[in-house]
Each structure stands twice: as structure tokens, then as C-alpha cells.
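K.L.:
Just to be clear, the model below is a prediction. Sequence and coordinates:
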Amino acid sequence: MKYAVFGVVAAGCLLAGGYWVYATYLQQPAESLPTDYKDISFPIGETSVTLVDGVSDEPAMPGAASRIVIRYFGNEVRKDLDGDGREDVAFLVTQESGGSGTFFYVVAALDTGHGYRGVQAYYLGDRIAPQSTVSGPGRQVIVNYADRAPYESYTTPPSYGKSAYLVYDAGLAQFIEVPLDEAGAPDPARMTLTMKTWEWQRLQEEGAVIVPQRPGVFMVTFWPDGTFKATTDCNLISGTYAATADTIALVETARTERACPPSQEVVFAQALAESATYRFSDDGELSILLKGGGMMWLR
């Protein structure tokens, strides 16, 4: 296969997004930082949120009757998340916008010594059932919750137990997900396919390196019952998979039929279909060797 290389475009998007978070939140003046962590400001995606006593209630857009309400949910963990020696707070918030969805996020309030600074919210899921949030090894926070299988409707009570292993990354100014060992280093031995939703990072094949033009939309989730669900920049894909300790084979069984060129869906879907073996790296990535000799990385 011959592919175009889109690294410059994707890198520019990532740098621009990172600079926006840095300029908006990490450089917030000291005198404007709240002394109560339930009054922090933080981004959800590219939307700025400011809690007042644990609540943000804003119109969905100027003049709109519908409102977006974000509330402090709880499940707090207090520990030093950024390694500066001060105790920070991680907790859950919910987001509702008038529809049936209730979206759960993990938020960190970092104690700067002169107030709390919020960081990018980490998305957990829609209408999940949070169980517990506990302190893990090193600076890790472990969020335990129940979710649904891809084929189950939102009227079905969540029954699949899942855990998100989160570590605050100061360079990215957000949580990343990876299990740690007792010394606080990434632990490939504790990583599993079903531990999280994996995001496509890059693909190398025939000497070409391809990265997603739209970071954050190419995702795949492996469920404990042997099914998987993937999203692309165009359609939803579902199917089955079989895995051993180091081999994996995916079979696509269904795909929505939206037509939305230009798209990298074919590249991503074909890489999934050619999956042969896999391993977890020391920095928390899932690497999949393809049947044709290429390699795909997800995080």
C-alpha cells in the first residue's frame, strides 16, 4: 500500500492545542486562582468551564434556551499529582446538556501554593456507574466504574467492570492512562487490551509513517466478551476479536455507511483487519504488528 504522510499537519494540530491549554490555564495569574478546588477553571475539550461551589451552568450558546450543566460528583483522591510536594485533588464531574446523556469526566485541581489550577478534563463515558476512585502506585489515580458492551442500549444498567489507570502528564497538562508498577513506572505486565479505549497514534508501513489527520477520533475498544468497537473520521465499526497473550485477530462484522471523503478510514480499518501480534511498551503504548510487516501504535 502507498500512503501519504500527514505528520506535519497532525503535529501542528497537537502543538496548537497544547499551546492553547498552556496559555489559557498554566499561565493563569496567581491572584486569579481560587483557594477552593470546587471553584477551579478547566477545559473540557476546547470549552472553558468555571465551577462555582462545584457547579457550572451556562447556555449551550449565546441566547440559547438549552444549558450545559457541569457538577462536582465526588469520588475524591488527594495526593501529589504533579510531583511538586503539595497535595492535589482529583475528582469526578458530570456534564448534562438537556438530553438523555450524563457524561463523566475526571478533573484534577493542582495546588500551586497560591490557589488551585485546573487541567484538561479526562473523559470516562456516558451514563456509566462510578464505583470508586483510589490512589495507585506513585502518582497514579485508579478510577473504577461499570460500563456497557457496545451492543447494549443506554437503558441497560452498566455491568462491565472497567478501570482507568491515570497519571497526570505535566508536559501535556492532562491525564494519560497507563498502569504503573510499585515504583511508579509504566508496567506493561499489568496492561490489558480491555483496560481502556485505545487511540490510534501512528502507522508505519513500507517505509511511510502515517498519523491521523484528526487526532482523537480514531479509537478502538476491546470488550471482555470478545467484541470490539471502533470509531473513525467517518463511520462506526464493530466486530469480534480473538487474542492470546501476544496474538490478536480482528474480524469486522458491521460498519455504518456514511460517505464522508476525504477520510483515513480505509487506512485505519485495514490496519485493524491485518492485526497479527501485539505487545505493550514501557511508556504505555499498545503496538500491533500487522500481517504484512507494518506496525500500528495506539495509546
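P.N.:
Everything's here; your move.
K.L.:
hey, let's count contacts and neighbours off CA atoms from now on
P.N.:
Fine.
K.L.:
Between the two ends of stretch 232-246, how far is it?
P.N.:
Chord length of stretch 232-246, first to last residue, is 25 Å (CA to CA, to the nearest Å).
K.L.:
Which parts of it count as buried, going by neighbours?
P.N.:
Across stretch 232-246, burial judged by 16 or more other CA atoms under 10 Å covers 232-241.
K.L.:
need those residues in CSV with pLDDT and secondary structure, can you?
P.N.:
Below are the buried residues of stretch 232-246 laid out as CSV (pLDDT from 0 to 100; DSSP: H, G, I helix; E, B strand; the rest coil):
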residue, pLDDT, secondary structure
Thr232, 95, coil
Asp233, 94, coil
Cys234, 94, coil
Asn235, 94, coil
Leu236, 94, strand
Ile237, 96, strand
Ser238, 94, strand
Gly239, 96, strand
Thr240, 96, strand
Tyr241, 97, strand
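K.L.:
how about those residues in a markdown table, adding distance to Gly63?
P.N.:
Below are these laid out as a markdown table (distance: CA to CA, whole Å):
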| residue | distance to Gly63 |
| --- | --- |
| Thr232 | 33 |
| Asp233 | 31 |
| Cys234 | 31 |
| Asn235 | 33 |
| Leu236 | 33 |
| Ile237 | 37 |
| Ser238 | 39 |
| Gly239 | 43 |
| Thr240 | 46 |
| Tyr241 | 47 |
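K.L.:
Please identify which of those residues is nearest to Pro157.
P.N.:
Checking the buried residues of stretch 232-246 against Pro157 with CA to CA, the nearest one is Ser238 at 21.0 Å.
K.L.:
Return the distance of that closest one relative to Ala108.
P.N.:
Using CA to CA, we find Ser238 at a distance of 33 Å from Ala108.
K.L.:
so how far is the host helix or strand of Val77 from its chain's centroid?
P.N.:
Assigned by DSSP states H and E, Val77 belongs to strand 67-79. Chain-centre distance of strand 67-79: 17 Å, with CA atoms, centre = their mean, to the nearest Å.
K.L.:
Would you mind listing the outside residues contacting that strand?
P.N.:
Residues from elsewhere that reach strand 67-79 (CA atoms under 8 Å, 6 or more residues apart in numbering): 38, 51, 54-60, 86-98, 132-135, 139, 141.
K.L.:
Find the nearest non-adjacent residue to Ala259, please.
P.N.:
Computed as CA to CA, 6 or more residues apart in numbering, the closest residue to Ala259 that is not its neighbour in sequence is Cys234, at 7.1 Å.
K.L.:
Does the one you found touch Cys260 like I think?
P.N.:
Yes: the criterion here is CA atoms under 8 Å, and Cys234 meets it with Cys260 at 5.9 Å.
K.L.:
returning to what we had before: can you list the strands that the strand holding Val77 pairs with?
P.N.:
Strand 67-79 pairs in its sheet with strand 55-59 (antiparallel), strand 88-96 (antiparallel), by DSSP bridges.
K.L.:
Those into TSV, with extra columns for distance to Tyr145 and mean pLDDT?
P.N.:
Formatted as TSV, the strands paired with strand 67-79 follow (distance: least, CA to CA, whole Å; pLDDT from 0 to 100):
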stretch	distance to Tyr145	mean pLDDT
strand 55-59	22	95
strand 88-96	11	98
